[in-house]
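In: curious how this folds, go ahead:
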Amino acid sequence: MKRSIKKQFSLIIILILAGNVILCVFLNIFFLKQFYFANKRRSINEAYKLLNQASIENKLMDSDFHEKMILLCETADLSIIVLDNNSNIIASIKSDDKNLLSQISDPSFSFIDQDDSNKLQVKRIQDIYSNNKYLEMKGYLANNEAFLIRCAYISVEDNVAISNKFICIVGLFALFVGCVTTMFITNRITKPIVRLTEISSRMKNLDFDAKFDSNGETEIDVLGENINELSDKLEKTISELKTANNELLRDIEIKDKNEEMRKEFLANVSHELKTPIALIQSYSEGLKEGIIDDEESRDYYLDVIIDESYRMNNLVKEIMTLSELEFGNKPLEIERFDLVELINNKISSNQILLKQNEIELEFDHDDEQFFVWADEFKTEEVLENYLSNAIHYCEGEKQIKISLLKKEETVRINVFNTGSKINDEDADRIWEKFFKADRARSRDYGGTGIGLSIVKAIMTAINMEYGCSNEENGVNFYFELPIK
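Out: This is a model prediction of the structure:
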(Lines give C-alpha, C1' and ligand atoms only; values in the text may rest on other atoms or scores of the structure.)
Protein backbone atom coordinates (compact mmCIF):
# COMPACT_ATOMS: atom_id res chain seq x y z
CA MET A 1 0.00 0.00 0.00
CA LYS A 2 1.57 3.29 -1.15
CA ARG A 3 -0.04 5.63 1.39
CA SER A 4 -1.43 4.22 4.59
CA ILE A 5 -4.47 6.09 5.87
CA LYS A 6 -3.46 5.00 9.37
CA LYS A 7 -0.07 6.73 9.07
CA GLN A 8 -1.58 9.82 7.47
CA PHE A 9 -4.26 10.11 10.13
CA SER A 10 -1.72 9.63 12.97
CA LEU A 11 0.69 12.15 11.43
CA ILE A 12 -2.03 14.79 11.07
CA ILE A 13 -3.14 14.47 14.72
CA ILE A 14 0.47 14.51 15.99
CA LEU A 15 1.24 17.61 13.92
CA ILE A 16 -1.88 19.30 15.32
CA LEU A 17 -0.82 18.48 18.90
CA ALA A 18 2.73 19.70 18.30
CA GLY A 19 1.42 22.86 16.64
CA ASN A 20 -0.81 23.58 19.62
CA VAL A 21 2.15 23.25 22.02
CA ILE A 22 4.30 25.55 19.88
CA LEU A 23 1.44 28.06 19.60
CA CYS A 24 0.99 28.10 23.38
CA VAL A 25 4.72 28.81 23.90
CA PHE A 26 4.63 31.58 21.28
CA LEU A 27 1.57 33.25 22.81
CA ASN A 28 3.07 32.95 26.28
CA ILE A 29 6.32 34.63 25.18
CA PHE A 30 4.78 37.54 23.29
CA PHE A 31 1.45 38.18 25.03
CA LEU A 32 1.68 37.02 28.67
CA LYS A 33 3.52 40.18 29.78
CA GLN A 34 0.96 42.49 28.16
CA PHE A 35 -1.89 40.44 29.50
CA TYR A 36 -0.42 40.53 33.03
CA PHE A 37 -0.07 44.33 33.11
CA ALA A 38 -3.42 44.88 31.41
CA ASN A 39 -5.11 42.79 34.08
CA LYS A 40 -3.39 44.74 36.89
CA ARG A 41 -4.28 48.09 35.32
CA ARG A 42 -7.87 47.04 34.95
CA SER A 43 -8.06 46.21 38.69
CA ILE A 44 -6.52 49.57 39.64
CA ASN A 45 -8.90 51.49 37.35
CA GLU A 46 -11.86 49.63 38.81
CA ALA A 47 -10.71 50.50 42.36
CA TYR A 48 -10.36 54.16 41.39
CA LYS A 49 -13.87 54.30 39.98
CA LEU A 50 -15.31 52.84 43.18
CA LEU A 51 -13.31 55.31 45.34
CA ASN A 52 -14.35 58.31 43.23
CA GLN A 53 -18.01 57.27 43.32
CA ALA A 54 -17.87 56.85 47.11
CA SER A 55 -16.26 60.28 47.37
CA ILE A 56 -19.07 61.83 45.39
CA GLU A 57 -21.66 60.07 47.59
CA ASN A 58 -19.67 60.76 50.82
CA LYS A 59 -19.50 57.04 51.58
CA LEU A 60 -15.77 56.65 52.03
CA MET A 61 -16.30 55.99 55.74
CA ASP A 62 -19.23 53.57 55.31
CA SER A 63 -18.67 50.05 56.51
CA ASP A 64 -20.43 48.51 53.47
CA PHE A 65 -18.14 50.37 51.12
CA HIS A 66 -15.15 49.42 53.21
CA GLU A 67 -16.02 45.69 53.03
CA LYS A 68 -16.53 45.91 49.26
CA MET A 69 -13.13 47.52 48.81
CA ILE A 70 -11.46 44.92 51.03
CA LEU A 71 -12.85 42.15 48.83
CA LEU A 72 -11.59 43.86 45.68
CA CYS A 73 -8.14 44.52 47.17
CA GLU A 74 -7.74 40.95 48.34
CA THR A 75 -8.78 39.66 44.94
CA ALA A 76 -6.49 41.96 42.94
CA ASP A 77 -3.74 42.27 45.59
CA LEU A 78 -4.16 46.09 45.91
CA SER A 79 -3.16 48.56 48.65
CA ILE A 80 -5.23 51.73 49.01
CA ILE A 81 -4.93 54.80 51.21
CA VAL A 82 -7.15 57.93 51.14
CA LEU A 83 -6.34 61.19 52.99
CA ASP A 84 -8.48 64.25 53.70
CA ASN A 85 -7.34 67.83 53.30
CA ASN A 86 -5.65 67.70 56.72
CA SER A 87 -3.64 64.58 55.73
CA ASN A 88 -5.73 62.42 58.00
CA ILE A 89 -6.33 58.82 56.86
CA ILE A 90 -9.93 58.38 55.72
CA ALA A 91 -9.58 54.89 54.33
CA SER A 92 -6.76 52.39 54.43
CA ILE A 93 -7.11 48.93 52.89
CA LYS A 94 -4.31 46.34 52.96
CA SER A 95 -1.82 49.17 53.12
CA ASP A 96 1.31 49.80 55.03
CA ASP A 97 0.11 53.14 56.39
CA LYS A 98 3.52 54.25 57.53
CA ASN A 99 5.13 53.46 54.22
CA LEU A 100 2.35 55.02 52.18
CA LEU A 101 2.25 58.11 54.42
CA SER A 102 5.99 58.53 53.97
CA GLN A 103 5.47 58.26 50.20
CA ILE A 104 2.77 60.90 50.24
CA SER A 105 4.81 63.15 52.66
CA ASP A 106 7.84 62.93 50.30
CA PRO A 107 8.21 66.33 48.56
CA SER A 108 9.03 64.56 45.33
CA PHE A 109 5.67 62.74 45.44
CA SER A 110 3.36 64.71 43.17
CA PHE A 111 -0.38 64.27 42.61
CA ILE A 112 -2.49 64.81 39.59
CA ASP A 113 -4.78 67.78 40.30
CA GLN A 114 -8.47 67.24 40.63
CA ASP A 115 -9.09 69.31 37.53
CA ASP A 116 -6.77 66.98 35.63
CA SER A 117 -8.35 63.78 36.90
CA ASN A 118 -8.93 62.63 33.34
CA LYS A 119 -5.16 62.40 33.04
CA LEU A 120 -4.94 59.78 35.77
CA GLN A 121 -2.96 56.80 34.66
CA VAL A 122 -1.24 53.75 36.02
CA LYS A 123 2.52 53.92 36.12
CA ARG A 124 5.25 51.47 36.88
CA ILE A 125 7.55 52.59 39.67
CA GLN A 126 10.20 51.29 42.02
CA ASP A 127 9.86 52.15 45.68
CA ILE A 128 12.96 54.06 46.79
CA TYR A 129 12.55 52.76 50.33
CA SER A 130 11.77 49.10 49.83
CA ASN A 131 13.22 48.79 46.28
CA ASN A 132 10.07 46.89 45.30
CA LYS A 133 8.31 47.32 41.95
CA TYR A 134 4.76 48.62 41.83
CA LEU A 135 1.98 49.70 39.58
CA GLU A 136 0.32 52.73 41.10
CA MET A 137 -2.24 55.42 40.51
CA LYS A 138 -2.28 58.66 42.56
CA GLY A 139 -4.32 61.86 42.54
CA TYR A 140 -7.42 63.48 43.98
CA LEU A 141 -10.95 62.22 44.22
CA ALA A 142 -14.15 64.19 43.53
CA ASN A 143 -14.18 65.85 47.00
CA ASN A 144 -10.50 66.68 46.86
CA GLU A 145 -9.38 63.64 48.90
CA ALA A 146 -5.86 62.49 48.06
CA PHE A 147 -5.55 58.80 47.18
CA LEU A 148 -2.91 56.28 46.33
CA ILE A 149 -3.63 52.85 44.81
CA ARG A 150 -0.67 50.55 44.58
CA CYS A 151 -0.16 46.97 43.30
CA ALA A 152 3.10 45.12 43.62
CA TYR A 153 4.24 43.08 40.64
CA ILE A 154 6.95 40.52 40.17
CA SER A 155 9.36 40.25 37.23
CA VAL A 156 7.11 39.28 34.36
CA GLU A 157 10.06 38.05 32.32
CA ASP A 158 10.91 35.47 34.99
CA ASN A 159 7.26 34.44 35.17
CA VAL A 160 7.10 34.06 31.38
CA ALA A 161 10.25 31.91 31.33
CA ILE A 162 8.91 29.68 34.11
CA SER A 163 5.54 29.45 32.36
CA ASN A 164 7.17 28.55 29.02
CA LYS A 165 9.27 25.87 30.64
CA PHE A 166 6.20 24.42 32.30
CA ILE A 167 4.25 24.57 29.03
CA CYS A 168 7.06 22.78 27.17
CA ILE A 169 7.23 20.01 29.76
CA VAL A 170 3.47 19.61 29.87
CA GLY A 171 3.32 19.89 26.07
CA LEU A 172 5.93 17.16 25.52
CA PHE A 173 4.12 14.91 27.95
CA ALA A 174 0.80 15.69 26.28
CA LEU A 175 2.42 15.09 22.87
CA PHE A 176 3.70 11.67 23.99
CA VAL A 177 0.34 10.71 25.47
CA GLY A 178 -1.35 12.08 22.35
CA CYS A 179 0.90 10.01 20.06
CA VAL A 180 0.17 6.81 21.97
CA THR A 181 -3.54 7.61 22.11
CA THR A 182 -3.55 8.59 18.44
CA MET A 183 -1.91 5.31 17.38
CA PHE A 184 -4.46 3.37 19.38
CA ILE A 185 -7.44 5.38 18.13
CA THR A 186 -6.28 5.46 14.49
CA ASN A 187 -5.63 1.74 14.58
CA ARG A 188 -9.13 1.17 15.91
CA ILE A 189 -10.69 3.55 13.37
CA THR A 190 -8.67 2.50 10.31
CA LYS A 191 -8.70 -1.25 10.99
CA PRO A 192 -12.14 -1.77 9.40
CA ILE A 193 -11.14 0.53 6.52
CA VAL A 194 -8.02 -1.57 5.89
CA ARG A 195 -10.21 -4.68 6.06
CA LEU A 196 -12.59 -3.16 3.50
CA THR A 197 -9.59 -2.37 1.28
CA GLU A 198 -8.43 -6.01 1.45
CA ILE A 199 -11.95 -7.23 0.63
CA SER A 200 -12.24 -4.86 -2.33
CA SER A 201 -8.83 -6.04 -3.62
CA ARG A 202 -9.99 -9.66 -3.45
CA MET A 203 -13.26 -8.71 -5.12
CA LYS A 204 -11.23 -7.09 -7.91
CA ASN A 205 -9.66 -10.51 -8.52
CA LEU A 206 -13.15 -12.13 -8.44
CA ASP A 207 -12.59 -13.64 -5.00
CA PHE A 208 -15.87 -13.22 -3.12
CA ASP A 209 -15.17 -15.42 -0.08
CA ALA A 210 -13.97 -12.59 2.18
CA LYS A 211 -16.75 -10.90 4.19
CA PHE A 212 -16.78 -7.86 6.48
CA ASP A 213 -17.74 -8.51 10.10
CA SER A 214 -20.12 -5.65 10.88
CA ASN A 215 -21.40 -4.48 14.26
CA GLY A 216 -23.98 -2.28 12.57
CA GLU A 217 -23.08 0.83 14.61
CA THR A 218 -21.14 3.24 12.38
CA GLU A 219 -21.08 4.40 8.76
CA ILE A 220 -18.10 2.07 8.16
CA ASP A 221 -20.19 -0.88 9.36
CA VAL A 222 -22.96 0.14 6.95
CA LEU A 223 -20.36 0.43 4.17
CA GLY A 224 -19.08 -3.05 5.04
CA GLU A 225 -22.59 -4.49 4.94
CA ASN A 226 -23.16 -2.83 1.56
CA ILE A 227 -19.89 -4.30 0.25
CA ASN A 228 -20.94 -7.76 1.51
CA GLU A 229 -24.24 -7.40 -0.31
CA LEU A 230 -22.46 -6.10 -3.42
CA SER A 231 -20.06 -9.05 -3.24
CA ASP A 232 -22.92 -11.55 -3.10
CA LYS A 233 -24.73 -9.89 -5.99
CA LEU A 234 -21.55 -9.70 -8.07
CA GLU A 235 -20.78 -13.36 -7.41
CA LYS A 236 -24.31 -14.33 -8.37
CA THR A 237 -24.29 -12.11 -11.46
CA ILE A 238 -20.88 -13.38 -12.61
CA SER A 239 -22.04 -16.95 -12.04
CA GLU A 240 -25.14 -16.28 -14.12
CA LEU A 241 -23.04 -14.60 -16.81
CA LYS A 242 -20.63 -17.53 -16.92
CA THR A 243 -23.51 -19.96 -17.12
CA ALA A 244 -25.11 -17.93 -19.90
CA ASN A 245 -21.74 -17.67 -21.63
CA ASN A 246 -21.20 -21.42 -21.39
CA GLU A 247 -24.68 -22.03 -22.75
CA LEU A 248 -24.02 -19.56 -25.54
CA LEU A 249 -20.71 -21.22 -26.41
CA ARG A 250 -22.42 -24.59 -26.31
CA ASP A 251 -25.22 -23.31 -28.54
CA ILE A 252 -22.67 -21.89 -30.95
CA GLU A 253 -20.76 -25.17 -30.88
CA ILE A 254 -23.95 -27.14 -31.45
CA LYS A 255 -24.93 -24.77 -34.23
CA ASP A 256 -21.54 -25.13 -35.91
CA LYS A 257 -21.66 -28.87 -35.41
CA ASN A 258 -25.18 -29.05 -36.81
CA GLU A 259 -24.08 -26.97 -39.77
CA GLU A 260 -21.18 -29.32 -40.41
CA MET A 261 -23.50 -32.29 -39.96
CA ARG A 262 -25.98 -30.72 -42.36
CA LYS A 263 -23.31 -30.16 -44.99
CA GLU A 264 -21.92 -33.66 -44.49
CA PHE A 265 -25.42 -35.10 -44.50
CA LEU A 266 -26.35 -33.39 -47.77
CA ALA A 267 -23.07 -34.49 -49.34
CA ASN A 268 -23.61 -38.10 -48.25
CA VAL A 269 -27.26 -38.12 -49.33
CA SER A 270 -26.30 -36.67 -52.68
CA HIS A 271 -23.59 -39.27 -53.03
CA GLU A 272 -25.85 -42.15 -52.02
CA LEU A 273 -28.71 -41.05 -54.30
CA LYS A 274 -26.50 -40.26 -57.26
CA THR A 275 -25.75 -43.89 -58.13
CA PRO A 276 -29.33 -45.30 -57.99
CA ILE A 277 -30.72 -42.24 -59.80
CA ALA A 278 -28.08 -42.61 -62.52
CA LEU A 279 -28.82 -46.32 -62.88
CA ILE A 280 -32.59 -45.77 -63.01
CA GLN A 281 -32.13 -42.97 -65.54
CA SER A 282 -29.80 -44.92 -67.83
CA TYR A 283 -31.77 -48.18 -67.74
CA SER A 284 -35.06 -46.32 -68.21
CA GLU A 285 -33.67 -44.47 -71.24
CA GLY A 286 -32.39 -47.77 -72.65
CA LEU A 287 -35.84 -49.30 -72.35
CA LYS A 288 -37.47 -46.24 -73.90
CA GLU A 289 -35.13 -46.19 -76.86
CA GLY A 290 -35.72 -49.91 -77.44
CA ILE A 291 -32.10 -50.97 -77.33
CA ILE A 292 -33.20 -54.25 -75.68
CA ASP A 293 -34.64 -56.87 -77.99
CA ASP A 294 -34.88 -60.01 -75.90
CA GLU A 295 -37.24 -60.57 -72.97
CA GLU A 296 -34.49 -61.66 -70.59
CA SER A 297 -32.48 -58.42 -70.97
CA ARG A 298 -35.64 -56.36 -70.56
CA ASP A 299 -36.45 -58.17 -67.32
CA TYR A 300 -32.90 -57.54 -66.11
CA TYR A 301 -33.23 -53.80 -66.81
CA LEU A 302 -36.54 -53.70 -64.99
CA ASP A 303 -35.11 -55.61 -62.01
CA VAL A 304 -32.26 -53.09 -61.75
CA ILE A 305 -34.73 -50.20 -61.83
CA ILE A 306 -36.91 -51.87 -59.16
CA ASP A 307 -33.88 -52.66 -56.95
CA GLU A 308 -32.51 -49.15 -57.17
CA SER A 309 -35.95 -47.68 -56.50
CA TYR A 310 -36.25 -49.91 -53.43
CA ARG A 311 -32.75 -48.80 -52.32
CA MET A 312 -33.72 -45.14 -52.69
CA ASN A 313 -37.01 -45.66 -50.86
CA ASN A 314 -35.22 -47.48 -48.02
CA LEU A 315 -32.58 -44.73 -47.83
CA VAL A 316 -35.20 -41.99 -47.61
CA LYS A 317 -37.09 -43.86 -44.87
CA GLU A 318 -33.94 -44.31 -42.80
CA ILE A 319 -32.97 -40.67 -43.30
CA MET A 320 -36.43 -39.61 -42.08
CA THR A 321 -36.15 -41.93 -39.05
CA LEU A 322 -32.68 -40.64 -38.15
CA SER A 323 -33.81 -37.02 -38.54
CA GLU A 324 -36.74 -37.57 -36.18
CA LEU A 325 -34.47 -39.17 -33.60
CA GLU A 326 -31.69 -36.56 -33.73
CA PHE A 327 -34.00 -33.54 -33.60
CA GLY A 328 -36.47 -35.08 -31.13
CA ASN A 329 -39.47 -34.55 -33.38
CA LYS A 330 -40.95 -37.88 -32.35
CA PRO A 331 -40.87 -38.50 -28.58
CA LEU A 332 -40.20 -41.95 -27.15
CA GLU A 333 -43.14 -43.98 -25.85
CA ILE A 334 -41.86 -45.91 -22.85
CA GLU A 335 -43.90 -49.00 -22.06
CA ARG A 336 -43.49 -52.45 -20.56
CA PHE A 337 -43.26 -55.30 -23.08
CA ASP A 338 -41.98 -58.86 -23.43
CA LEU A 339 -38.43 -58.79 -24.83
CA VAL A 340 -38.33 -62.56 -25.52
CA GLU A 341 -41.48 -62.34 -27.63
CA LEU A 342 -40.11 -59.37 -29.61
CA ILE A 343 -36.83 -61.21 -30.37
CA ASN A 344 -38.67 -64.37 -31.43
CA ASN A 345 -40.90 -62.37 -33.78
CA LYS A 346 -37.88 -60.66 -35.31
CA ILE A 347 -36.13 -64.02 -35.83
CA SER A 348 -39.24 -65.39 -37.54
CA SER A 349 -39.44 -62.43 -39.92
CA ASN A 350 -35.83 -63.04 -40.99
CA GLN A 351 -36.08 -66.79 -41.51
CA ILE A 352 -36.06 -66.50 -45.33
CA LEU A 353 -32.81 -64.47 -45.27
CA LEU A 354 -31.27 -66.92 -42.81
CA LYS A 355 -32.09 -69.87 -45.07
CA GLN A 356 -30.92 -68.10 -48.21
CA ASN A 357 -27.55 -67.40 -46.61
CA GLU A 358 -27.40 -70.85 -44.89
CA ILE A 359 -27.00 -69.26 -41.46
CA GLU A 360 -27.71 -71.02 -38.20
CA LEU A 361 -29.25 -68.71 -35.55
CA GLU A 362 -29.40 -69.54 -31.84
CA PHE A 363 -31.40 -67.58 -29.26
CA ASP A 364 -30.02 -68.31 -25.78
CA HIS A 365 -32.50 -67.43 -22.99
CA ASP A 366 -33.83 -69.04 -19.80
CA ASP A 367 -37.27 -67.45 -19.48
CA GLU A 368 -40.28 -67.83 -21.67
CA GLN A 369 -41.10 -64.19 -20.87
CA PHE A 370 -38.81 -61.32 -19.91
CA PHE A 371 -40.27 -57.83 -19.50
CA VAL A 372 -38.41 -54.53 -20.00
CA TRP A 373 -39.29 -50.79 -19.97
CA ALA A 374 -38.56 -49.09 -23.30
CA ASP A 375 -40.02 -47.93 -26.62
CA GLU A 376 -41.02 -51.22 -28.24
CA PHE A 377 -40.94 -49.91 -31.81
CA LYS A 378 -37.46 -48.33 -31.36
CA THR A 379 -36.15 -51.48 -29.65
CA GLU A 380 -37.37 -53.56 -32.60
CA GLU A 381 -35.55 -51.14 -34.94
CA VAL A 382 -32.27 -51.54 -33.01
CA LEU A 383 -32.61 -55.31 -33.04
CA GLU A 384 -33.47 -55.27 -36.78
CA ASN A 385 -30.30 -53.27 -37.59
CA TYR A 386 -28.10 -55.56 -35.51
CA LEU A 387 -29.64 -58.72 -36.95
CA SER A 388 -29.48 -57.36 -40.53
CA ASN A 389 -25.76 -56.53 -40.11
CA ALA A 390 -25.11 -59.97 -38.57
CA ILE A 391 -26.83 -61.76 -41.48
CA HIS A 392 -25.02 -59.84 -44.23
CA TYR A 393 -21.59 -59.99 -42.59
CA CYS A 394 -21.83 -63.58 -41.31
CA GLU A 395 -18.98 -65.77 -42.62
CA GLY A 396 -17.00 -68.86 -41.75
CA GLU A 397 -19.14 -71.15 -39.63
CA LYS A 398 -22.10 -68.91 -40.43
CA GLN A 399 -23.52 -68.77 -36.97
CA ILE A 400 -25.51 -66.04 -35.24
CA LYS A 401 -26.18 -66.14 -31.53
CA ILE A 402 -28.59 -63.85 -29.64
CA SER A 403 -28.25 -63.95 -25.85
CA LEU A 404 -29.56 -62.09 -22.79
CA LEU A 405 -27.27 -61.11 -19.92
CA LYS A 406 -29.31 -60.09 -16.87
CA LYS A 407 -27.96 -57.40 -14.49
CA GLU A 408 -29.39 -55.81 -11.34
CA GLU A 409 -31.43 -53.12 -13.10
CA THR A 410 -30.78 -53.75 -16.82
CA VAL A 411 -30.47 -56.55 -19.33
CA ARG A 412 -27.85 -56.67 -22.08
CA ILE A 413 -28.91 -58.05 -25.49
CA ASN A 414 -25.96 -59.53 -27.44
CA VAL A 415 -26.08 -60.23 -31.18
CA PHE A 416 -22.98 -62.24 -32.21
CA ASN A 417 -22.04 -63.38 -35.70
CA THR A 418 -19.05 -65.33 -36.96
CA GLY A 419 -16.93 -63.64 -39.60
CA SER A 420 -14.32 -60.92 -40.10
CA LYS A 421 -13.45 -58.64 -37.22
CA ILE A 422 -13.84 -54.86 -37.30
CA ASN A 423 -10.63 -52.87 -37.82
CA ASP A 424 -9.53 -50.84 -34.84
CA GLU A 425 -9.57 -47.61 -36.85
CA ASP A 426 -13.19 -48.31 -37.88
CA ALA A 427 -14.48 -49.33 -34.43
CA ASP A 428 -15.68 -45.82 -33.53
CA ARG A 429 -16.60 -44.68 -37.03
CA ILE A 430 -19.13 -47.43 -37.74
CA TRP A 431 -21.69 -45.40 -35.72
CA GLU A 432 -21.27 -42.39 -38.03
CA LYS A 433 -23.85 -41.63 -40.73
CA PHE A 434 -23.10 -43.14 -44.15
CA PHE A 435 -19.89 -44.78 -42.98
CA LYS A 436 -19.26 -48.17 -44.61
CA ALA A 437 -16.25 -50.23 -43.72
CA ASP A 438 -16.72 -52.30 -46.90
CA ARG A 439 -18.61 -50.16 -49.42
CA ALA A 440 -18.70 -52.79 -52.17
CA ARG A 441 -20.18 -55.39 -49.90
CA SER A 442 -22.65 -52.91 -48.36
CA ARG A 443 -23.99 -52.12 -51.78
CA ASP A 444 -24.42 -55.82 -52.59
CA TYR A 445 -27.02 -56.22 -49.86
CA GLY A 446 -28.44 -52.72 -50.14
CA GLY A 447 -26.83 -51.16 -47.07
CA THR A 448 -27.15 -47.38 -46.67
CA GLY A 449 -24.65 -46.78 -43.83
CA ILE A 450 -27.37 -45.27 -41.64
CA GLY A 451 -28.53 -48.31 -39.66
CA LEU A 452 -25.95 -48.09 -36.87
CA SER A 453 -26.41 -44.29 -36.74
CA ILE A 454 -30.08 -44.96 -36.01
CA VAL A 455 -29.04 -47.38 -33.24
CA LYS A 456 -26.76 -44.72 -31.75
CA ALA A 457 -29.55 -42.09 -31.86
CA ILE A 458 -32.09 -44.42 -30.22
CA MET A 459 -29.76 -45.55 -27.43
CA THR A 460 -28.63 -41.97 -26.77
CA ALA A 461 -32.27 -40.89 -26.49
CA ILE A 462 -33.01 -43.49 -23.80
CA ASN A 463 -29.56 -42.95 -22.19
CA MET A 464 -28.56 -46.63 -22.24
CA GLU A 465 -25.34 -48.46 -23.11
CA TYR A 466 -24.57 -49.81 -26.59
CA GLY A 467 -21.47 -50.88 -28.52
CA CYS A 468 -19.55 -53.66 -30.23
CA SER A 469 -16.50 -55.81 -29.57
CA ASN A 470 -14.36 -58.23 -31.54
CA GLU A 471 -14.60 -61.83 -30.32
CA GLU A 472 -12.40 -64.85 -31.02
CA ASN A 473 -14.16 -65.86 -34.22
CA GLY A 474 -16.46 -62.96 -34.98
CA VAL A 475 -18.10 -59.72 -33.85
CA ASN A 476 -20.57 -59.04 -31.03
CA PHE A 477 -22.97 -56.03 -31.02
CA TYR A 478 -24.89 -55.25 -27.83
CA PHE A 479 -27.34 -52.81 -26.26
CA GLU A 480 -28.97 -52.57 -22.83
CA LEU A 481 -32.54 -51.95 -21.67
CA PRO A 482 -33.91 -51.17 -18.18
CA ILE A 483 -35.75 -53.89 -16.29
CA LYS A 484 -37.31 -51.55 -13.71
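
In: make it CA atoms for all contacts and neighbour counts henceforth
Out: OK.

In: just the element for the spatially closest residue to residue 122 that is not a sequence neighbour, please.
Out: Using C-alpha to C-alpha, 6 or more residues apart in numbering and skipping the chain neighbours, the partner closest in space to residue 122 is residue 137 (4.9 Å). Using DSSP states H and E, residue 137 falls within strand 133-140.

In: next SSE downstream of the worst-scoring helix or strand of the chain on mean pLDDT?
Out: Ranked by mean pLDDT, DSSP states H and E, the weakest helix or strand in the chain is helix 439-444, scoring a mean of 46. Counting by DSSP H and E, the next helix or strand C-terminal to helix 439-444 is helix 451-461.

In: that following helix - contacts with which helices or strands?
Out: Helix 451-461 is packed against helix 295-327, helix 376-393, with contacts defined by 3 or more C-alpha pairs under 8 Å, 6 or more residues apart in numbering; DSSP states H and E.

In: next, the angle from the helix or strand just after it to helix 451-461.
Out: Remark: after helix 451-461, the chain's next helix or strand is strand 466-470, criterion DSSP H and E. In terms of direction (axes from the mean of the first three to the mean of the last three C-alpha atoms, to 10 degrees), strand 466-470 departs from helix 451-461 by 130 degrees.

In: contacts for strand 466-470?
Out: Applying C-alpha atoms under 8 Å, 6 or more residues apart in numbering, the contact partners of strand 466-470 are 421-422, 427, 456, 459, 475-480.

In: please identify which two of these are farthest apart in space.
Out: 421 and 459 (23.1 Å; C-alpha to C-alpha).

In: quick one: which of those two has more around it?
Out: Of the pair residue 421 and residue 459, residue 459 is the one with more neighbours under other C-alpha atoms under 10 Å, namely 20 against 17.

In: and the pLDDT at that one?
Out: On pLDDT, residue 459 comes in at 87.

In: surely it and residue 453 touch.
Out: No: the criterion here is C-alpha atoms under 8 Å, and residue 459 misses it with residue 453 at 10.0 Å.

In: the helices in the stretch 101-250 of the chain, which residues?
Out: 156-204, 219-289 (DSSP state H, counting those that start in this stretch).

In: can you tell me which of these is most buried?
Out: Among the helices of the stretch 101-250 of the chain, helix 156-204 has the highest mean neighbour count (mean count of other C-alpha atoms under 10 Å), at a mean of 16.

In: what is the orientation angle of that helix with helix 219-289?
Out: Going by the same axes, to 10 degrees, helix 156-204 makes 20 degrees with helix 219-289.

In: let me know the average pLDDT across helix 156-204.
Out: On average, helix 156-204 scores 76.

In: can we start the residue count at 16 from this point?
Out: Renumbered: residue one is now 16, and that last one reads helix 171-219.

In: from the contact counts, what lies against it?
Out: Using 3+ C-alpha pairs under 8 Å, 6+ apart, helix 171-219 sits against helix 20-71, helix 234-304.
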